[in-house]
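In: any chance you could fold what I've pasted below:
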Amino acid sequence: MIKVGILGANGRMGRVLIDATYQHSSAALGFASVREGSQFVGMDAGELAGVAKQYVKIEALQPHLFDNADVAIDFTLPAALDSNLKLAMETKTPLVIGTTGLLSSHLSAINDAAKHIPIVFAANYSVGVNLMLNLVKQTAKIMGNQSDIEIIEAHHRYKQDAPSGTAVAIGEAIANTLNRDLGKCAVYGREGTTGERDKDTIGFATVRAGDIVGEHTALFAALGERIEITHKASSRLTFANGALTAAQWLKDKPASLYSMQDVLGLK
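Out: Numbering: from 1, shown residues only. Down below sits the predicted model:
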């Protein structure tokens, strides 16, 4: 049995993580935290998530909470990442990070923290998406240089970053396979008279609508044929269960930066 601490318990993913932990046969909720002054302080975590009472009260995030967890899971916001990393390092707590919309400075902070504690960091914790990352690499090797490559992603109306971290991860997997620099070859929008398509670009299209949980398609279009690799998530429990799998795997690992590819043995 692994004891899990959930940061940002009041967020969409925080609530789903509480639900997933409640349903998991080998995980228990060690703590659930929110920011100082939150209206959710003192509420039962299970009641907040809409599941049975867990008798774990939500608390403002403090270092002593980490004593109650083998691994902490962070699906909060970029603004909270630095302080969360600091607390995890101070308490030597392994950390699973699923926060998206990060800047290069955040990525550097994660790399630095991983010298002191074990960290799993992934743009997406779905098993299917991580399999998709392998499939797009295989496809890129065979027909990437003969194809126009586009990545189409759709999420709910509340998502704050675009394109999604998963879409970027797909683009990076393809670009790295083709020895391209995604920062130079990515096209994030087209409007007006754009001219003929540059064959070495990788295009991104973003949809934000309703309650779409997450959909990603990698399109490889050659003359006369195309391959479309698509993943659709219908429940956030997919991501929460993947994060719990990562937490179990990470528990006794040495300090380093790991990915879901490591967790699933896909590397």
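In: when you work out contacts or count neighbours from here on, use the C-alpha atoms and nothing else.
Out: Will do.
In: does residue 154 belong to a helix, a strand or coil?
Out: Under DSSP: H, G, I helix; E, B strand; the rest coil, the three-state class of residue 154 is strand.
In: next: the one 3 residues further on.
Out: When the structure is reduced to helix, strand and coil (three-state DSSP), residue 157 reads as coil.
In: my guess is it meets residue 213, correct?
Out: No - with contact defined as CA atoms under 8 Å, residue 157 does not reach residue 213; the gap is 9.8 Å.
In: between these two, which one's more packed in?
Out: Of the pair residue 157 and residue 213, residue 213 is the one with more neighbours under other CA atoms under 10 Å, namely 16 against 13.
In: any idea how far that one is from residue 81?
Out: In this structure, residue 213 and residue 81 are 23 Å apart, going by CA to CA, to the nearest Å.
In: same question, residue 87
Out: Residue 87 is 10 Å from residue 81, by CA to CA.
In: got it, and residue 165?
Out: Residue 165 is 16 Å from residue 81, by CA to CA.
In: before we move on, what about residue 214?
Out: Taking CA to CA, one finds residue 214 at 23 Å from residue 81.
In: pLDDT averaged over stretch 203-218 - what is it?
Out: The average pLDDT for stretch 203-218 rounds to 97.
In: for it, which positions count as buried?
Out: For stretch 203-218, the neighbour count (16 or more other CA atoms under 10 Å) marks 203-206, 208, 212-218 as buried.
In: reformat those residues as JSON lines; add secondary structure and distance to residue 61.
Out: Shown next, in JSON lines, are the buried residues of stretch 203-218 (DSSP: H, G, I helix; E, B strand; the rest coil; distance: CA to CA, whole Å):
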{"residue": "203", "secondary structure": "strand", "distance to residue 61": "40"}
{"residue": "204", "secondary structure": "strand", "distance to residue 61": "37"}
{"residue": "205", "secondary structure": "strand", "distance to residue 61": "37"}
{"residue": "206", "secondary structure": "strand", "distance to residue 61": "34"}
{"residue": "208", "secondary structure": "strand", "distance to residue 61": "32"}
{"residue": "212", "secondary structure": "coil", "distance to residue 61": "30"}
{"residue": "213", "secondary structure": "coil", "distance to residue 61": "28"}
{"residue": "214", "secondary structure": "strand", "distance to residue 61": "29"}
{"residue": "215", "secondary structure": "strand", "distance to residue 61": "33"}
{"residue": "216", "secondary structure": "strand", "distance to residue 61": "34"}
{"residue": "217", "secondary structure": "strand", "distance to residue 61": "37"}
{"residue": "218", "secondary structure": "strand", "distance to residue 61": "39"}
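In: domain map for the chain?
Out: Per automatic domain parsing, the structural domains of the chain span 2-121+236-263, 127-233.
In: show me which helix runs longest in the protein.
Out: For the chain, the longest helix by residue count, based on DSSP state H, is helix 127-143.
In: pull the CA atoms of that one into CSV?
Out: Included here for helix 127-143 are C-alpha records, laid out as CSV according to Å, rounded to 0.1, in the frame of the first residue of the first chain:
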residue,chain,number,x,y,z
VAL,A,127,-1.2,4.7,-21.0
GLY,A,128,-2.7,5.2,-24.4
VAL,A,129,-1.1,8.5,-25.1
ASN,A,130,2.3,7.2,-24.1
LEU,A,131,1.8,4.3,-26.5
MET,A,132,0.8,6.9,-29.1
LEU,A,133,4.2,8.7,-28.6
ASN,A,134,5.9,5.5,-29.6
LEU,A,135,3.7,5.0,-32.6
VAL,A,136,4.3,8.5,-33.9
LYS,A,137,8.0,7.9,-33.7
GLN,A,138,7.7,4.7,-35.7
THR,A,139,5.6,6.5,-38.3
ALA,A,140,7.9,9.4,-38.5
LYS,A,141,10.9,7.1,-39.2
ILE,A,142,9.2,5.5,-42.1
MET,A,143,7.2,8.3,-43.8
